[in-house]
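Chemist: model this:
(chains A and B)
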Amino acid sequence: MTVASSPSLSLEDHLIELLSQAVAHVATEPNAPIVLERPKQASHGDYSTPIALQLAKLLRLPPREVANLILARLPDSPLIERSEIAGAGFINLFLSPAARQSVVTEILALGSDYARLNLGHQQPVLVEFVSSNPTGPLHVGHGRGAAFGASLANLLDKAGYTVHREYYVNDAGRQMDILTVSTWLRALALSPAFTFPFPANGYQGDYVQSMAGDAMNLLALGEPDSMDAALRSASPHLMGQTVAADAEEAHMDCLIAAAKSLLGTTYGELHVFVLAQQIEDCRQDLAEFGVTFDTWFSEQSLFDSGAVAQVVNRLSAAGHLYLRDGATWFRSTDFGDEKDRVVQRDNGLYTYFASDIAYHANKFERGFSRLIDVWGADHHGYIPRVVAALQALGYDTARLTVPLVQFVSLFRQGEKAQMSTRKGQFVTLRSLRHEVGRDAARLFYVLRKSDQHLDFDLDLALAQSQDNPVYYIQYAHARIARVLERWQDDSVAPDSGHVDLSPLIHPAEVALFKSLRTYPTVIRQAAQELAPHQVAFYLRDLAAEFHAYYNAVPFLDCHESLARITLLKSIQTVLRDGLNLLGVSAPTSM
RNA sequence: GCGCUCGUAGCUCAGUUGGAUAGAGCGUUGGUUUCCGAAGCCAAAGGCCACAGGUUCGAUUCCUGUCGAGCGCGCCA
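Modeler: Residues are numbered from 1 along each chain as shown, chains lettered A, B, ... in the order given. Model prediction:
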């Protein structure tokens, strides 16, 4: 087990060291490491350890007797005021007031570096998230992936990793062609001479209309009447103005082929235009959500550079591929997958799987010591084949982690809203942001475990946005700002490090010291478990303790004023830091 | 049918890699402001941690089974 070397954890390290010395006298070969726990109840001390319970069997002694032996050997320390044996044999440690209070000085000295850990030893880690198809606006499901991924990346940075944020752009493949054709057809339809029916499986959102208008002004997209005639002869699936339901995909393929031949090089230009529009829209949308990326990685670039062909050749050379029914298959069952997978179709085109293998190989080759793919939970069945391919290529797949983000179910007027990108019936991230605000959306998204379904009641979010937890935390921050504003005494700066904190003995103050001390532990665990929601819950708890404190004691014009103001500053520092990790603003007034 | 993720208060959810009396928000009920921001605070009620076994000092947590929910199982991406 590694212990993060951070000043913030030094107190715990020190206590463990003291206990270790004592245990060494009792058991030469302990069968368990010393674990410090934080009791839920204050009466159980600041720290507690069950080490005596764990050693009891080894030593063939009752747990409480073991605890006695350990305590007898526990070195004296100014940190520990007293210790006791409780329950079945727990050893409870009570810190001295000075030890409890010291966290405040520590926080003010470190500022936003408080709870900065060295868990990752600055190893480079790649966090890939969102990676939505650039075929339309981001919807609320993507928003959750964005909020989770961005918070996770911030968290890992805080924990001492060198984080690289990446968006994988699926700019190759059929979906982009469908969007290009959809835009083209909408552009032509701006003329009354064009009556060719818009395909049911085309992209139907308003944004397509918008792009069509712009594209019409930029590119020569053909004469509406002649294109109408040409298209009608291009697809045998069109019967009058309709297409049979089971022929829609084949019909679309005909339209794509027709568009390419009718437009020639202009098709490529339209494709580039449409793609650029969508990426820019996405980039801007995310930026307004407080989510930015270091790189936007193009899937198409993997084809252009030959990386896809290369990686398939590597698999072939290693004997992991075989031909069947005209297609090339990867024997993923050799690596635990439930069935083999096609990497190259009988028509010669590579599958999405093939480019994804190349993409992940590329990630490994870039030298990251750790790879994190944030995926939608509906892709979980896809993980085994990717892992299989990477193992076949000889990569260490233990470095790859794929946290899954469950879908967001929208409820409007008590009914679940169905979402379909293709038909344009979805709620966009942008509209959600405009409705409930960036801060509320960012916090709401990470206020539950990522692998749990999120029921988002739009009416509730709209009608009662005042009740959103985000205000509760921000209010704590703003309240502190208000008190600090009123603090007029400039003779001693609260963060000078020389403030006498000994007056802080109120139970609410002791509870706050404990919570503030816990922050680095929360960061560590949240980073280890890739669970930013733990930070959100911590902040809500800390805010609650502050609000209770605020109602319990005065801050101005009392003899504890300076010490209390100093404590408030440290609470504010932690609140701001935590909100910052989650991409939520920390207002000084609201 | 197989696989993955789950099942905790009326509702929405936490639960520190097995710890002491299982927590919070919303909702319900009752209090709280001549005073630093009441977007707050205090209190009460509310639980067979889905069910049944197993592992051990100890299980909401780990294992097995049953029941129930969601998702996945394409030469789509």
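Chemist: alpha carbons only for contacts and neighbour counts from here, please
Modeler: Will do.
Chemist: who are the contact partners of residue A:369?
Modeler: Applying C-alpha atoms under 8 Å, 6 or more residues apart in numbering to residue A:369 gives the contacts A:123, A:124, A:125, A:399.
Chemist: for the nearest residue to the last one once chain neighbours are set aside, grab phi and psi.
Modeler: Spatially, and ignoring its direct neighbours in sequence, residue A:399 is nearest to residue A:370 (4.8 Å; C-alpha to C-alpha, 6 or more residues apart in numbering). Recorded main-chain torsions at residue A:370 are phi -150, psi 140, according to degrees, to the nearest 10.
Chemist: check residue A:165 too.
Modeler: Per degrees, to the nearest 10, the backbone of residue A:165 is at phi -100, psi 130.
Chemist: so how far is residue A:544 from it?
Modeler: Distance of residue A:165 to residue A:544, computed by C-alpha to C-alpha, to the nearest Å: 33 Å.
Chemist: ok, now residue A:117?
Modeler: Distance of residue A:117 to residue A:544, computed by C-alpha to C-alpha: 25 Å.
Chemist: okay, these two: which has more neighbours?
Modeler: residue A:117 (27 against 15; other C-alpha atoms under 10 Å).
Chemist: hang on, that one packs against residue A:524?
Modeler: Yes. Applying C-alpha atoms under 8 Å, one finds residue A:117 in contact with residue A:524, separated by 7.3 Å.
Chemist: could you pull up the mean pLDDT of stretch A:345-356?
Modeler: Stretch A:345-356 shows a mean pLDDT of 94 in the predicted model.
Chemist: that one: end-to-end distance?
Modeler: 15 Å.
Chemist: which parts of it are buried?
Modeler: Buried positions in stretch A:345-356, judged by neighbour count with 16 or more other C-alpha atoms under 10 Å: A:350, A:352, A:353, A:354, A:355, A:356.
Chemist: so who does the fourth one touch?
Modeler: If a contact means C-alpha under 8 Å, 6+ apart, then residue A:354 has A:308, A:312, A:343, A:344 as its contacts.
Chemist: what about the host helix or strand of it and RNA strand B, touching?
Modeler: Using DSSP states H and E, the element containing residue A:354 is helix A:352-365. Yes. Residues of helix A:352-365 contacting RNA strand B under C-alpha under 7 Å from any atom of the strand: A:352, A:353.
Chemist: so which residues on the stretch 401-550 of chain A come close to RNA strand B?
Modeler: Residues of the stretch 401-550 of chain A lying near RNA strand B (C-alpha under 7 Å from any atom of the strand): A:447-455, A:466-467, A:469, A:471-472, A:475, A:478-479, A:482-483, A:486, A:525, A:534, A:537, A:541, A:544, A:547-548, A:550.
Chemist: and residue A:157, how many neighbours?
Modeler: Count around residue A:157 with other C-alpha under 10 Å applied: 23.
Chemist: and what of residue A:525?
Modeler: 16.
Chemist: likewise the one 3 residues further on?
Modeler: Using other C-alpha under 10 Å as the criterion, residue A:528 is surrounded by 15 other residues.
Chemist: ok, it to residue A:119 distance?
Modeler: 9 Å.
Chemist: got the contact list for the nearest residue to residue A:164 once chain neighbours are set aside?
Modeler: Take residue A:164 and drop its neighbours on the chain: the residue closest to it by C-alpha to C-alpha, 6+ apart is residue A:126, 4.8 Å away. By C-alpha under 8 Å, 6+ apart, residue A:126 lies in contact with A:163, A:164, A:165, A:166, A:363, A:368, A:370, A:371, A:372.
Chemist: buried residues in the biggest helix by length in chain A, which are they?
Modeler: Counting by DSSP state H, the longest helix found in chain A is helix A:265-288. Within helix A:265-288, the residues that qualify as buried are A:266-267, A:269-271, A:273-275, A:277-279, A:281-283, A:285-286, counting by 16+ other C-alpha under 10 Å.
Chemist: mind listing what's buried along the next helix or strand after that helix?
Modeler: Per DSSP H and E, helix A:265-288 leads on to strand A:295-298 as the next helix or strand towards the C-terminus. For strand A:295-298, burial by neighbour count (16+ other C-alpha under 10 Å) applies to A:297, A:298.
Chemist: just the C-alpha atoms of strand A:295-298, please, in PDB.
Modeler: What follows is strand A:295-298, C-alpha atoms only, in PDB (Å, rounded to 0.1, in the frame of the first residue of the first chain):
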ATOM      1  CA  THR A 295      -6.700  17.600 -28.100                       C
ATOM      2  CA  TRP A 296      -9.500  16.700 -30.500                       C
ATOM      3  CA  PHE A 297      -8.400  13.400 -32.000                       C
ATOM      4  CA  SER A 298      -9.700  12.700 -35.500                       C
END
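Chemist: so what touches that strand?
Modeler: Taking C-alpha under 8 Å, 6+ apart as the rule, strand A:295-298 contacts A:165, A:166, A:167, A:168, A:169, A:170, A:171.
Chemist: the helix or strand harbouring the second one packs against which elements?
Modeler: Yep, that's residue A:166 we're talking about. Secondary structure from DSSP H and E places residue A:166 in strand A:162-169. Contact analysis of strand A:162-169 by 3 or more C-alpha pairs under 8 Å, 6 or more residues apart in numbering; DSSP states H and E lists strand A:124-128, helix A:140-158, strand A:295-298 as its packing neighbours.
Chemist: are whichever helix or strand comes after it and RNA strand B in contact anywhere?
Modeler: Counting by DSSP H and E, the element after strand A:162-169 in chain order, helix or strand, is helix A:174-188. Yes. With C-alpha under 7 Å from any atom of the strand as the criterion, RNA strand B is reached by helix A:174-188 at A:174, A:175.
Chemist: how far does the helix or strand just after helix A:174-188 sit from the chain's center?
Modeler: Scanning forward in sequence from helix A:174-188 by DSSP H and E, the next helix or strand is helix A:206-218. Per C-alpha atoms, centre = their mean, to the nearest Å, the displacement of helix A:206-218 from the mean C-alpha position of its chain is 34 Å.
Chemist: what's helix A:206-218 packed up against?
Modeler: helix A:174-188, helix A:265-288.
Chemist: wait, isn't residue A:540 in contact with residue A:473?
Modeler: Yes. At 5.9 Å, residue A:540 counts as touching residue A:473 under the criterion of C-alpha under 8 Å.
Chemist: more neighbours, the two?
Modeler: Counted by other C-alpha under 10 Å, residue A:540 and residue A:473 do not tie: residue A:473 has more neighbours, with 24 against 20.
Chemist: tell me how far the more buried one lies from residue A:349.
Modeler: 52 Å.
Chemist: repeat that for residue A:248.
Modeler: Distance from residue A:248 to residue A:349, by C-alpha to C-alpha: 21 Å.
Chemist: same question, residue A:69
Modeler: 72 Å.
Chemist: same check, this time on residue A:531
Modeler: The gap separating residue A:531 from residue A:349 is 39 Å, by C-alpha to C-alpha.
Chemist: same deal with residue A:208?
Modeler: Taken as C-alpha to C-alpha, the span from residue A:208 to residue A:349 is 27 Å.
Chemist: before we move on, what about residue A:540?
Modeler: 52 Å.
Chemist: which of the contacts of residue A:126 count as buried?
Modeler: Buried among these (16+ other C-alpha under 10 Å): A:163, A:164, A:165, A:166, A:368, A:370, A:371, A:372.
Chemist: and of these, the nearest to residue A:200?
Modeler: Distance ranking of those against residue A:200, using C-alpha to C-alpha, places residue A:166 first at 33.4 Å.
Chemist: beta partners of that closest one?
Modeler: Counting by DSSP bridges, residue A:166 is bridged to residue A:128, residue A:295.
Chemist: surely it touches residue A:293?
Modeler: Yes. Using C-alpha under 8 Å, residue A:166 is in contact with residue A:293, at 5.5 Å.
Chemist: off-centre distance for the helix or strand hosting residue A:473?
Modeler: Assigned by DSSP H and E, residue A:473 belongs to helix A:469-486. With C-alpha atoms, centre = their mean as the basis, helix A:469-486 stands 26 Å off its chain's centre.
Chemist: give the rounded mean pLDDT of that helix.
Modeler: 93.
Chemist: which elements pack onto the next helix-or-strand element following it?
Modeler: Downstream of helix A:469-486, the first helix or strand assigned by DSSP H and E is helix A:507-528. The elements that helix A:507-528 packs onto, with contact taken as 3+ C-alpha pairs under 8 Å, 6+ apart, are helix A:97-110, helix A:140-158, helix A:533-552, helix A:561-581.
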